[in-house]
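Could you look at this predicted model? Sequence included:
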Amino acid sequence: MTENLNLFTSTQEIIKEALSKLGFNDEMYELLKEPLRVLTVRIPVRMDDGTIKVFTGYRAQHNDAVGPTKGGVRFHPEVNEDEVKALSMWMTLKCGIVGLPYGGGKGGIICDPRTMSMGEIERLSRGFVRAISQIVGPTKDIPAPDVYTNSQIMAWMMDEYSRLRENDSPGFITGKPLVLGGSEGREKATAQGVTICIEEAAKKKGFSLQGARVVIQGFGNAGSFLAKFMNDEGAKVVGISDAYGALYDPNGLDIDYLLDRRDSFGTVTTLFENTITNKELLELDCDILVPAAISNQITVENAHNIKASIIVEAANGPTTAEATKILTERGILLVPDVLASAGGVTVSYFEWVQNNQGYYWTEEEVNEKLTKKLVESFNKVYETSQSRRINMRLAAYMVGLRNAAEASKFRGWV
Ligand SMILES: NC(=O)C1=CN([C@@H]2O[C@H](COP(=O)(O)OP(=O)(O)OC[C@H]3O[C@@H](n4cnc5c(N)ncnc54)[C@H](O)[C@@H]3O)[C@@H](O)[C@H]2O)C=CC1
Ligand SMILES: O=C(O)CCC(=O)C(=O)O
């Protein structure tokens with residue numbers, strides 16, 4: 001049997017199993033097995049050389065029974081419709097696990113911003129907002145950053161939306177710069193949530209983070225802040241990577257230096273001659289492995305060779321279903337993406353709340369609220385996994401689907 005690398009169909013299988021374990025009928029599965037809405041858009045952009053390039057983008061809205069849909073926008077050459085659909089379904093799960101009043105949404109544009117000028121990226125970002133403007137808004141669907149998008153892109157998108165609607169609309173998008181209504185702590189939030197999950201997982205495994213060896217794949221928003229947090233906690237970050245390669249030092253890498261030298265796309269390894277591959281990185285000897293880059297990185301090909309005793313998924317979809325089984329059988333504690341990476345959307349929710357009330361919290365307040373939500377969520381998923389004797393991914397799906405399913409039922413949709 002060949003392994004299923006399609007993120008959308010493999011997600012459907014777990015949704016089916018989770019709903020059945022929760023006692024919902026097939027009609028509920030029919031409703032939740034794919035997004036309610038997927039818009040495909042073509043965005044013409046004038047490039048700096050005067051030519052017009054037409055980009056393809058998507059916005060998927062999985063389920064809006066609980067509230068408006070919420071989720072990031074990805075700019076990446078490998079974006080495709082199935083991936084965006086799966087990503088929107090995972091957003092429903094994340095919001096359900098943490099208990100946010102949202103359903104899941106996600107967007108993506110097939111492009112490579114690393115090869116584009118700032119002007120081209122700005123025109124593309126504004127064009128995307130114009131193309132999707134009918135289905136998004138502060139009470140409909142609220143975008144945010146994801147791979148290769150950042151606070152500057154959120155600012156352009158917010159400005160475009162505000163101009164279209166002819167009113168200032170900070171609540172249209174989250175992950176904005178602070179001066180435009182961004183929240184303290186949003187930039188670090190995903191890594192902060194991953195750190196909380198690592199702390200909780202280490203407690204369950206009975207080891208201290210002091211001196212623990214950590215390997216992180218990806219050195220962007222999620223991976224780089226995580227490296228810093230791990231360093232600050234006294235752990236030893238022995239491996240990091242980006243799209244071009246990986247760095248390894250069994251004595252611990254100089255994280256402050258790497259943070260100082262990385263570029264805005266999370267690239268740093270190109271400055272070094274002695275690199276290893278991403279494939280080698282994942283199999284390094286370590287205690288904690290954090291995939292924080294792209295999907296389908298841990299598969300049947302390498303699951304048997306992973307040395308870590310804890311894997312915490314900062315990335316969306318880094319481990320296949322087959323690999324999840326192998327890792328669980330090997331006794332590795334795998335904290336799934338829909339739980340581990342929920343810190344980002346949690347602080348995005350705080351940002352939206354602050355925009356709605358027009359009153360802003362301190363970083364300490366944000367961190368305190370985030371920690372409370374993530375610790376509770378981790379333990380809820382862990383206890384479900386223990387009491388039901390199922391892996392943490394299936395347990396997370398059970399916890400995460402309940403709100404969307406119950407809200408759909410109360411609304412009389414199923
Ligand atoms: N930024 C956020 O708030 C959240 C991000 N995530 C997930 O975390 C992961 C990373 O996202 P960000 O750090 O925001 O993105 P980013 O754009 O800031 O950084 C991406 C990192 O991944 C690396 N990368 C890209 N392609 C790669 C490849 N083929 N092989 C190895 N590395 C590669 C890049 O070089 C860069 O270091 C993604 O899966 C994203 O969906 C999840 C929740 C929230
Ligand atoms: O901050 C948000 O609203 C969504 C972040 C996101 O796209 C994700 O968690 O994958």
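Thanks, I have the structure now. Ligands and ions are numbered 1, 2, ... in the order given.

So residue 414 is in contact with residue 27, correct?
Yes. Counting by Cβ atoms under 8 Å, residue 27 is a contact partner of residue 414 at 4.9 Å. Where you see a C-beta, it was placed from the backbone N, CA and C, and this is true even at glycine.

more crowded one of these two?
The residue with more neighbours, out of residue 414 and residue 27, is residue 414; 17 against 12, by other Cβ atoms under 10 Å.

Who are the contact partners of the more buried one?
By Cβ atoms under 8 Å, 6 or more residues apart in numbering, the residues touching residue 414 are 25, 27, 28, 31, 405, 408.

For these, give me TSV that also has pLDDT.
Listed next are those as TSV, based on pLDDT from 0 to 100:
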residue	pLDDT
25	95
27	98
28	98
31	98
405	98
408	98
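
Tell me the buried residues within those.
28, 31, 405, 408 (16 or more other Cβ atoms under 10 Å).

In terms of helices and strands, where is the last one?
Residue 408 is located in helix 392-410, with elements delineated by DSSP states H and E.

Can you mark which positions in that helix are buried?
By 16+ other Cβ under 10 Å, the buried positions in helix 392-410 come out as 392-408.

again, but for stretch 67-80
67, 68, 69, 70, 71, 72, 73, 74, 75, 76, 79, 80.

Distance check, the nearest residue to the fourth one once chain neighbours are set aside against ligand 2.
Looking back up the chat, that one is residue 70. In space, and not counting its chain neighbours, residue 70 is closest to residue 102: 4.1 Å by Cβ to Cβ, 6 or more residues apart in numbering. According to Cβ to the nearest ligand atom, to the nearest Å, residue 102 stands 8 Å off from ligand 2.

Could you do residue 210 as well?
29 Å.

again with residue 278
20 Å.

That residue against residue 246, yeah?
Yes. Using Cβ under 8 Å, residue 278 is in contact with residue 246, at 5.6 Å.

Specify which residue of these two has the higher count of neighbours.
Using other Cβ under 10 Å as the criterion, residue 278 and residue 246 rank with residue 246 on top: 23 against 20.

For ligand 2, give me its nearest residue in the stretch 51-200 of the chain.
Relative to ligand 2, the nearest point of the stretch 51-200 of the chain is residue 72 (2.6 Å; Cβ to the nearest ligand atom).

does the helix ranked longest in the chain come close to ligand 1?
Longest helix of the chain, by residue count under DSSP state H: helix 363-388. No. Judged by Cβ under 6 Å from any ligand atom, helix 363-388 and ligand 1 are separated, with a smallest distance of 12.5 Å.

and that helix, what's its mean pLDDT?
When pLDDT is averaged over helix 363-388, the result is 98.

Over to stretch 192-200?
What stretch 192-200 shows for mean pLDDT is 98.

What are the boundaries of the strands in the protein?
Counting by DSSP state E, one finds strands in the chain at the ranges 37-46, 52-61, 69-70, 73-76, 103-110, 141-142, 213-217, 236-242, 245-248, 288-291, 310-312, 333-335.

So for ligand 1, which of these sits nearest?
That would be strand 236-242 among these, by Cβ to the nearest ligand atom, at 3.3 Å.

ok, that closest one: who's next to it in the sheet?
In the sheet containing strand 236-242, its partner strands are strand 213-217 (parallel), strand 245-248 (antiparallel), by DSSP bridges.

so can I have TSV of the ones you listed showing distance to residue 138 and mean pLDDT?
Conversion of those to TSV gives the following (distance: least, Cβ to Cβ, whole Å; pLDDT from 0 to 100):
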stretch	distance to residue 138	mean pLDDT
strand 213-217	34	98
strand 245-248	40	98
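
what's the most buried one of those?
Neighbour counts (mean count of other Cβ atoms under 10 Å) averaged over each of the strands paired with strand 236-242 peak at strand 213-217, with a mean of 26.

okay, now the residue in the stretch 301-414 of the chain that ligand 2 sits nearest to: neighbour count?
Closest approach of the stretch 301-414 of the chain to ligand 2 (Cβ to the nearest ligand atom) occurs at residue 348, with a separation of 3.3 Å. Applying other Cβ under 10 Å, we find 28 residues neighbouring residue 348.

how about the residues of the stretch 201-350 of the chain near ligand 2?
By the rule Cβ under 6 Å from any ligand atom, the part of the stretch 201-350 of the chain lying against ligand 2 is 316, 341, 344, 345, 348.

I figured residue 135 was touching residue 39, is that so?
Yes. Here residue 135 lies in contact with residue 39, judged by Cβ under 8 Å, at a distance of 5.8 Å.
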